[in-house]
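Asker: Return a 3D structure for these sequence lines:
(3 chains)
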Amino acid sequence: MNILQRVKGLVNKSFLTYAMVIVSFVIVQLLANNGGISSTLRGQLVPICAYVVMAVSLNLTVGVLGELSLGHAGFMSVGAFSGVVACISLGDTIASEPLRLAVGLIIGAICAGIAGFLIGIPVLRLRGDYLAIVTLAFGEIIKNLINCLTIGLDGGGLHFGFLSSASALNLEPDGRVIINGPMGISNIPRLSTFTAGFVLILVTLFVVMNLVNSRSGRAIMALRDNRIAAESVGIPVTKYKLMAFVTSATLAGAAGALYAMNFSTIVATKFSFNTSILILVYVVLGGLGNIAGSIVAATLLTVLPEMLRQFNDYRMLIYAIVLILVMLATNNETLKGLPTRIRAWVTRSPAPQAEVGIDG
Amino acid sequence: MKKTLACSVAATMLLALAACSTPSTDPTGAATDAPTASAGAIKIGATGPLTGGAAIYGQAARNGAQIAVDEINAKGGVQLALNYQDDEHDAEKAVNAYHTLKDWGMQISLGSVTSTPAIATSAENFTDHIFALTPSASSVAVTEGKNNVFQMCFADPNQGSASAQYIADQKLGTKIAVIYKNDDVYSSGIFDTFKTKAAELGLDIVSTTTFTEDSQQDFSVQISDAKSKGADLIFLPIYYTPASLILQQAQSVDYSPKYFGVDGMDGILTLEGFNTSLAEGVMLLTPFNADATDSLTTSFVQKYQSAYGEIPNQFAADGYDCIYAIYQAIVAGNITASMTNAEINDILVAQFTSMTFDGLTGADMTWDASGQVSKAPKGMVITDGAYVGMD
Amino acid sequence: MSFLSHLISGISLGSIYAIIALGYTMVYGIAKMLNFAHGDVIMVGAYSCFFLMSRFHLPVIVGVVAAMLVCTLLGVTIERLAYKPLRAAPALAVLITAIGVSYFLQNAALLLWTSNPKVFPSIAGNTSIKLLGGQLSISPTALLSIASCIVIMVALTWFTSSTRMGKAMRACSEDKGAAQLMGINVNVTISMVFAIGSALAAIAGILLCSAYPTLTPTTGSMPGIKAFTAAVFGGIGSIPGAMIGGILLGIIEIFGKAYISTQLSDAIVFLVLIIVLLVRPAGILGKTVQEKV
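Answerer: The predicted model follows:
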């Protein structure tokens, strides 16, 4: 009976997360069609989707696997650059824009996944803060390498250059330089749409939640809670750690490609340590291992700096104060006890309204 | 119990979305506390880095533009309202800022101050048919393929090839070293064309070294490379803050080549606490000179100093010129605040491609359809702590 | 000859990283938190010294002492307001708070002191010392930072091993609960560590800006991250480790630029770090603690 209830609880929780995303999407879409949302929010819809996917995927590493990663933006970068290169190269082959975007996202995801696999093998041998610093190091290395990379496209296919200027690619006259070293990619076709972002969030949720609630997911969480105990009952450490890490990197790559194709330019320096930290903030604020929390935190913290624009020069100062206060409040013992007390109060008196709220 | 939690979470999220979705029933209704403008003012919006590491450029451009707007409004006649939004030198934030400005009712745009954000916002300008004149975003990609985006500053390739030409014509150096910032669009953009042009002109580049945002403190390696290869001129297509470090560190190892900088070098003399004797003999191509004695410059410098307590740099002058160039086009094209953005856009594009403008950063400026400005670069050399014309 | 001069630049850059890393490592050792705001305390220290020296024309020593006082006060205040309420919270929550504090300090500095870079006056004079017939020159700031680094390292090692307070710190870093039972005031001890770490940050800030004299609100953030790397490199929590890590990082950075490529210098530094950590997973001097079930 007890187990049955727990299973039901899990199903309901996943269901609610999906419902939350779908309902939000429908409402925003309806508002958008009736001109009910500001141009500011409209412009932020795709970045919000990308950050939500980033936060959910990082939560898989930090919350579910329990390893601190400070280089998640590196995977976003790999996905962004490879995805955009793919989309530009396929410009003539695939006419349909949504299909081209989908191919771009998949290629971005695969490249980031490969990067995640290559990095994961050495990195996951380390623990704790040492692992954190090595992920930071990989993030910086990726940034540095992409800064030195040039890729061009002409009739003869893709040309690659490293540590040389774009003219060394020897492109045919009609060729186009795609990645121009530190200048990154400019004039990116804007393929990303809110609907695409929404679909990507759903796919991410599907992948992450199914992984977490599977046999593998339980093995991963066992590693997080007690590695030695998990190892002693025969759980292969490297396999499951890699599984979580690579999945996380793959999703980050797709998010990167989605993000890049919403702006007409991307540069490697965008995906720096600060971006990794930003995403980590979403995860911690939303709650470790709490997928719905990550979604909400990523959305709110992406929108917050824009809402603070009326404070002009004090904007980022206020953002910092809000961040500190939120961390203090969410970890405050008195406040933490509050939900439990409210719950106790609610359970004593039956609350039919709450049930109705869930069904609707 | 988790249901209630998830439910409240969902509610919060929807609330947040609703809170920031201002219904656009009133198109001029400001989403932010925009500068109070008298009715009928033409709304000019701009983004620039007002916080973060690049804040100095954005703040200077904003201050310069604000002085111009105040002067114009004091004249009576056409009234302007200026709204500068922070973009933190980031493409994503710049697009957000751009949309905030659109909600405010922006009719004309000053684009963005720095290159990467400007490439992103200029694409929006093009889609929305809002005219843009960027003060200082010098990358070619800013104007490329967009017929309504114009630049007040030189484009990077022009600076690179003009520098190489100047060095070759004046025979300033035989062995040239270059130190540039290889994670920066501006710096690497100038370097690329400098290198190509230098090869054409037979200039001998003996040493090419780089630095990045993360390693812009120690230049001992770059300097010793240039020194050991016997370079007699160092070309610095970088901003003045790292340049001041290079000058200081080269002096400490008794290496005194000639230095040649581009417009980013302007400002080195106004660095608080900088020993200007280090910059003695530094040559630079800059469109603006705060020490110039013409009445336009002196009045601008004096106003800027009394308002902001600093000597204006080239970014401030670019911001000031942008407003006046737009003002000239507004007057000539009889633009009024009641026109639609697309109408204003078309008139301004027609005006800009046909007019001639005299400003702080150059005389007889003209623009072609590509959006790039054509003006004569001024070669300056620093003598006794002040700029002196090189010719 | 160029090898020697690169080595000297590397050591002098590294000794500054080392002083910053000492602050990181001390705080980490006791509070088990990555204090990302440390780099920004450095910036505040440099600004306070700058204003005292160039605006009020006070002598160098007054500027340095005052900057140390300002930073100590700042460090203790930050600890009291932002970190102490989170003593029982998960490590990541404290990490995010530290990041919040870092943003706060940077933006407050931007509002207070504007984004215009300031050129820091050299505190050790500008006359370089010439060796080997002028082929090799060493700047006095480099000598000063190397000397300060060694003095600080020795003093800290003595302090933690021989004084009452130092022993209390070591006890707290081993086991807070047991330390408390032994009559050690854990809160005072932690505040003390923040005070010392922040005073060191002031010295590091002054030396950093004296060697590379431009000062902006973001001056401290990148050296802060590099020093964090250095602390991990040497084995986080270990005082001699932080110093070795810092100096090695400086040397690797300069040598990477000089002998491999200036364009890839960041990648080289981090690649060496990764290789070292793969060989010695707890850093050069770090102790590998065997986990027990």
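
Asker: Sketch out the helices for the chain, chain order is fine.
Answerer: Just going to use chain A. Using DSSP state H, the helices of chain A run over A:2-33, A:39-59, A:72-89, A:97-123, A:128-147, A:194-212, A:215-225, A:227-232, A:237-260, A:273-286, A:291-307, A:315-330, A:333-348, A:352-359.

Asker: Please refer instead to chain C.
Answerer: C:2-31, C:38-54, C:60-78, C:91-113, C:140-162, C:164-174, C:176-181, C:186-211, C:221-234, C:239-255, C:265-279.

Asker: now for the ones you listed, which one comes closest to chain B?
Answerer: Closest of the helices of chain C to chain B is helix C:2-31, at 4.0 Å (criterion: C-beta to the nearest C-beta). Every C-beta, even on glycine, is put in place using the N, C-alpha and C of the backbone.

Asker: quick one: average pLDDT of the closest one?
Answerer: Across helix C:2-31, pLDDT averages out at 89.

Asker: what would the helices of chain C look like in JSON lines with mean neighbour count?
Answerer: Output for these, formatted as JSON lines (neighbours: other C-beta atoms under 10 Å in any protein chain shown):
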{"stretch": "helix C:2-31", "mean neighbour count": "25"}
{"stretch": "helix C:38-54", "mean neighbour count": "26"}
{"stretch": "helix C:60-78", "mean neighbour count": "19"}
{"stretch": "helix C:91-113", "mean neighbour count": "21"}
{"stretch": "helix C:140-162", "mean neighbour count": "17"}
{"stretch": "helix C:164-174", "mean neighbour count": "17"}
{"stretch": "helix C:176-181", "mean neighbour count": "14"}
{"stretch": "helix C:186-211", "mean neighbour count": "25"}
{"stretch": "helix C:221-234", "mean neighbour count": "27"}
{"stretch": "helix C:239-255", "mean neighbour count": "25"}
{"stretch": "helix C:265-279", "mean neighbour count": "20"}
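
Asker: what ranges of the chain fall below the confidence cut-off?
Answerer: Assuming you mean chain A. Within chain A, the ranges that satisfy pLDDT under 70 run A:1-12, A:336, A:348-360.

Asker: That was the other one, I meant chain B.
Answerer: Using pLDDT under 70, the flagged stretches of chain B are B:1-39, B:391.

Asker: can you list the domains in it?
Answerer: B:37-154+B:297-374, B:157-286 (automatic domain parsing).

Asker: looking at the helices of chain C, which is closest to A:Met316?
Answerer: Checking the helices of chain C against A:Met316 by C-beta to C-beta gives helix C:91-113 as the closest, at 4.5 Å.

Asker: quick one: that closest one to helix C:38-54, angle?
Answerer: 20 degrees (axes from the mean of the first three to the mean of the last three C-alpha atoms, to 10 degrees).

Asker: can you tell me if helix C:91-113 touches chain B.
Answerer: Yes - using C-beta under 8 Å from any C-beta of the partner chain, helix C:91-113 reaches chain B at C:107, C:110.

Asker: Kindly reformat the helices of chain C as JSON lines containing distance to B:Thr366.
Answerer: JSON lines is the format used below for these (distance: least, C-beta to C-beta, whole Å):
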{"stretch": "helix C:2-31", "distance to B:Thr366": "48"}
{"stretch": "helix C:38-54", "distance to B:Thr366": "45"}
{"stretch": "helix C:60-78", "distance to B:Thr366": "53"}
{"stretch": "helix C:91-113", "distance to B:Thr366": "38"}
{"stretch": "helix C:140-162", "distance to B:Thr366": "50"}
{"stretch": "helix C:164-174", "distance to B:Thr366": "69"}
{"stretch": "helix C:176-181", "distance to B:Thr366": "72"}
{"stretch": "helix C:186-211", "distance to B:Thr366": "45"}
{"stretch": "helix C:221-234", "distance to B:Thr366": "42"}
{"stretch": "helix C:239-255", "distance to B:Thr366": "47"}
{"stretch": "helix C:265-279", "distance to B:Thr366": "42"}
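
Asker: Among these, which comes closest to A:Met243?
Answerer: Between these, helix C:265-279 lies closest to A:Met243; by C-beta to C-beta that is 21.0 Å.

Asker: residues making contact with the closest one?
Answerer: A:122, A:125-126, A:130, A:133-134, A:136-138, A:140-141, A:143-145, B:212, B:214-215, C:226, C:229, C:232-233, C:249, C:252-253, C:256-257, C:260-261, C:283-284 (C-beta atoms under 8 Å, 6 or more residues apart in numbering or on different chains).

Asker: starting at the chain centroid, how far to it?
Answerer: 20 Å (C-alpha atoms, centre = their mean, to the nearest Å).

Asker: Would you mind giving the secondary structure of the most centrally placed residue in chain B?
Answerer: The residue lying closest to the centre of chain B (C-alpha atoms, centre = their mean) is B:Ser136, at 2.1 Å. Secondary structure of B:Ser136, reduced to three states by DSSP: H, G, I helix; E, B strand; the rest coil: coil.

Asker: what does B:Val206 give?
Answerer: Strictly by three-state DSSP, B:Val206 counts as strand.

Asker: Flag every buried residue along stretch A:304-311.
Answerer: The neighbour-count check on stretch A:304-311 (16 or more other C-beta atoms under 10 Å in any protein chain shown) flags A:304-309 as buried.

Asker: and stretch B:55-69 with chain C, contact?
Answerer: Yes - contact between stretch B:55-69 and chain C, assessed by C-beta under 8 Å from any C-beta, occurs at B:55-56, B:59.

Asker: beta partners for B:Met365?
Answerer: B:Phe357 (DSSP bridges).

Asker: That one contacts B:Ala376, correct?
Answerer: No - using C-beta atoms under 8 Å as the test, B:Met365 is too far from B:Ala376 to be in contact (9.3 Å).

Asker: So for those two, which residue has more residues nearby?
Answerer: B:Met365 (19 against 11; other C-beta atoms under 10 Å in any protein chain shown).

Asker: Contact partners for that one?
Answerer: B:Met365 neighbours (C-beta under 8 Å, 6+ apart): B:325, B:356-359, B:373-375.

Asker: Give me the distance between it and chain A.
Answerer: 25 Å (C-beta to the nearest C-beta, to the nearest Å).

Asker: other SSEs contacting the least confident helix or strand in chain C by mean pLDDT?
Answerer: When the helices and strands of chain C are scored by mean pLDDT, DSSP states H and E, strand C:129-131 comes last with a mean of 75. Applying 3 or more C-beta pairs under 8 Å, 6 or more residues apart in numbering or on different chains; DSSP states H and E, one finds that strand C:129-131 contacts strand C:136-138.

Asker: ok, now with 10 Å
Answerer: helix C:2-31, strand C:136-138, helix C:140-162 (3 or more C-beta pairs under 10 Å, 6 or more residues apart in numbering or on different chains; DSSP states H and E).

Asker: Now find how far off-centre the last one is within its chain.
Answerer: Taking C-alpha atoms, centre = their mean, one finds helix C:140-162 lying 12 Å from the centre of the chain it belongs to.

Asker: ok so, going back, so which of the residues of stretch B:55-69 next to chain C wins on neighbours?
Answerer: B:Gln59 (27 neighbours).

Asker: can you tell me which of the residues of stretch B:55-69 next to chain C are in helices?
Answerer: B:55-56, B:59.
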